[in-house]
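Q: Quick one: sequence plus predicted model below, questions after.
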There are 2 protein chains.
Amino acid sequence: MYKTPISTPSCIVPAKIFDCFTSLTKEEAELLEKSKKEVLFKKGETITKQGAFASHIVYLNSGLAKVYLEGNQNDLILKIVAENNFLSLSSVFDGNDTFIYSVSAYVDSKVTLISIDVFKQLLRKNIEFSNQIINRLNANTAQIYGRVYCITRKQSHGRVADIILCLSENVFKTREFKLNISRNDLADLTGLSSESVIKIFKEFKSEKLINVEGKNIKILDYDKLEQISHYG
Amino acid sequence: MYKTPISTPSCIVPAKIFDCFTSLTKEEAELLEKSKKEVLFKKGETITKQGAFASHIVYLNSGLAKVYLEGNQNDLILKIVAENNFLSLSSVFDGNDTFIYSVSAYVDSKVTLISIDVFKQLLRKNIEFSNQIINRLNANTAQIYGRVYCITRKQSHGRVADIILCLSENVFKTREFKLNISRNDLADLTGLSSESVIKIFKEFKSEKLINVEGKNIKILDYDKLEQISHYG
DNA sequence: TTTATTTTATGATATAAATCAGTTTTTAAT
DNA sequence: ATTAAAAACTGATTTATATCATAAAATAAA
């Protein structure tokens, strides 16, 4: 029964107004424009594959995706990424030419691929851009630390409550939403088995904390869930 | 029984030759020199405190420290930091003025405190410096992802093997070393209870994988440990 | 519409690891 | 040198959660 030391939402990197590309000069923007490619990924498709050659920086223009580490039987979802966020920023860094995680689309998603060389050029040229990227990397760090804490220190009920709240607040931004994320993904998101997630959903429902009708979720007792998330 | 998808050492950010300060101009170096403070921390002392106001960037000149999230009863060690590395880089980022984790010294350690304002100025002025920091942040990300995987997907024996190997390879850089890290810290490092760590140490000893005499550890069967770490 | 396949659900059982309650050893303090 | 306190160790017990086996819904495909 600990109080969470971190208030950052653990499932997603908060997407404040973030458009680092506005800081580019006309010239730089043109360079980017020339070298980038927009691609549409369908629901369920793999956008980047762990272990594959990381030739591009991937930016999510619209849609919803999961970033995850692949295991043999279960994956571990590191974060959910919403529109206007990078999907593979950490691949920029020197001496790392493979994707350290996989990304796949939850819904149809529009993605921009930017050549790593061009991206590095921009980082080298434009200090404002570079600083915004630093901020983004740091936001990522805060998010992942929150997640590490959640998964390693909270027990099952707390983790499930955490994810429900995080999805509500940061992804769907309403207390009643259609969860286009499977129970199995919720398991990968909480580090639990899917059976455990389902059982806890049922418990939460019988305790009138949430209402679950198939994929539709409605949060009934926000405060209680928050309590479970913090002390669970 | 999965094969680890990530080969990054999970307990520490690999400390290659890394001295971002060499990229500073004379002028910038002077600015840094004027504003920085060197402080000596004794073994066990707290260097930064989670939740406290983050007024400085902290750089570890010499010594050994742990970066950890505080829980109510158990902490979670995010990483071990060796000399010539930053202890609190993620505090630079805009909109975050508190330390998101605590840092304490394992051995007597020399630390440089750099004003965040000056640090941000340097980031804004010197693009080479800024890029080196980006690299460092990305190395941190790779490390923490490795750790997340280790803690959430491996079971006890694999986690302990992982930590023994990581300490040997990356911290002490020899197969026989004096472990100035308590069993309790090993627990915080593996996400296990200290009793479990002790029992697994004992098992590894009886299986002749390691030799443990109090604080002295010697790795006897490196390959087997690696196997346990990967498939555990 | 029917069939096949995937996802969700449920209860019983197994098990990994925590907790507990001690003892012994080591380290620190007087 | 003696005492106090902290860390390390040990075995017994408990518990949280995974696994297993199987059924019911819900989607997708034919």
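A: Great, that's in hand. Numbers count the residues shown, from 1 in each chain, chains lettered A, B, ... in the order given.

Q: who's in contact with residue A:194?
A: Applying C-beta atoms under 8 Å, 6 or more residues apart in numbering or on different chains, one finds that residue A:194 lies in contact with A:183-184, A:186-187. Every residue, glycine included, has its C-beta placed from N, CA and C.

Q: Can you sort out which of those residues also neighbour chain B?
A: Among these, proximity to chain B is found for none (C-beta under 8 Å from any C-beta of the partner chain).

Q: Return the members of the residues you listed classed as buried.
A: A:186-187 (16 or more other C-beta atoms under 10 Å in any protein chain shown).

Q: Closest one of the contacts of residue A:194 to residue A:83?
A: Among the contacts of residue A:194, residue A:186 lies closest to residue A:83 (C-beta to C-beta), at 21.3 Å.

Q: For that closest one, list the residues it contacts.
A: With C-beta under 8 Å, 6+ apart, residue A:186 has these contacts: A:160, A:163, A:194, A:197.

Q: what bridges to the most centrally placed residue in chain A?
A: When C-alpha atoms, centre = their mean is applied to chain A, the residue found nearest the centroid is residue A:80 (2.0 Å). Taking DSSP bridges as the rule, residue A:80 bridges to residue A:12, residue A:66.

Q: does it really touch residue A:66, like I thought?
A: Yes - contact criterion C-beta atoms under 8 Å: residue A:80 and residue A:66 qualify, at 5.6 Å.

Q: Overlap in contacts, those two.
A: Residues touching both residue A:80 and residue A:66 (C-beta under 8 Å, 6+ apart): residue A:106.

Q: Please identify which of the contacts of residue A:194 is nearest to chain B.
A: Among the contacts of residue A:194, residue A:187 lies closest to chain B (C-beta to the nearest C-beta), at 11.7 Å.

Q: how many neighbours does residue A:202 have?
A: Residue A:202 has 11 neighbours, counted by other C-beta atoms under 10 Å in any protein chain shown.

Q: actually residue A:223, not the one I wrote
A: 8.

Q: Ok, residue A:56 next?
A: 24.

Q: before we move on, the earlier item: pLDDT value on the residue nearest to the centre of chain A, please?
A: Looking at residue A:80, its pLDDT stands at 93.

Q: In contact with it: list those residues for me.
A: A:11-12, A:64-67, A:106, A:167, A:171, A:189.

Q: swap in residue A:229?
A: Residue A:229 sits next to A:4, A:154, A:158, A:161-162, A:165 when contact means C-beta under 8 Å, 6+ apart.

Q: Of these, which pair is most distant in space?
A: A:154 and A:165 (12.2 Å).

Q: The two - which one has more neighbours?
A: Ranked by neighbour count (other C-beta under 10 Å), residue A:154 and residue A:165 place residue A:154 first, with 25 against 20.

Q: Narrow the contacts of residue A:186 to those in strands?
A: For these, not one is inside strands, with DSSP state E as the criterion.

Q: Can you lay out these as TSV showing pLDDT?
A: TSV is the format used below for these (pLDDT from 0 to 100):
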residue	pLDDT
A:160	96
A:163	94
A:194	96
A:197	97
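
Q: which of these has the most neighbours?
A: So for those (other C-beta under 10 Å), the most neighbours sit at residue A:160, 29 neighbours.

Q: Next one: residue A:146, what pLDDT does it get?
A: You'll see residue A:146 listed with a pLDDT of 87.

Q: One more: the one 3 residues further on?
A: pLDDT recorded at residue A:149 is 87.

Q: Skip the chain neighbours and tell me the closest residue to residue A:46.
A: residue A:104 (4.9 Å; C-beta to C-beta, 6 or more residues apart in numbering or on different chains).

Q: quick one, what contacts that neighbour?
A: Residue A:104 neighbours (C-beta under 8 Å, 6+ apart): A:44-47, A:65-66, A:68.

Q: Figure out how far whichever strand or helix holds it is from the centre of its chain.
A: Applying DSSP states H and E as the criterion places residue A:104 in strand A:102-105. Its chain's average C-alpha position is 10 Å from that of strand A:102-105, according to C-alpha atoms, centre = their mean, to the nearest Å.

Q: What strands flank that strand, and is each parallel or antiparallel?
A: Within its sheet, and counting by DSSP bridges, strand A:102-105 is paired with strand A:46-48 (antiparallel), strand A:64-69 (antiparallel).

Q: Can you get me the start-to-end distance on stretch A:142-162?
A: 16 Å (C-alpha to C-alpha, to the nearest Å).

Q: Show me what counts as buried in it.
A: Neighbour-count burial for stretch A:142-162, counted by 16+ other C-beta under 10 Å, picks out A:142-154, A:156-162.

Q: What about DNA strand D: which of these touch it?
A: Filtering the buried residues of stretch A:142-162 for neighbours of DNA strand D using C-beta under 7 Å from any atom of the strand leaves A:156-157.

Q: any idea how far the top helix by length along chain A is from the chain center?
A: In chain A, with assignment by DSSP state H, the single longest helix is helix A:127-153. A distance of 11 Å separates the centroid of the chain from that of helix A:127-153, by C-alpha atoms, centre = their mean.

Q: Now do the contacts for residue A:96.
A: Taking C-beta under 8 Å, 6+ apart, one finds A:54, A:90, B:138, B:142 in contact with residue A:96.

Q: Using the record's assignment, carve chain A into domains.
A: A:20-147, A:154-231 (automatic domain parsing).
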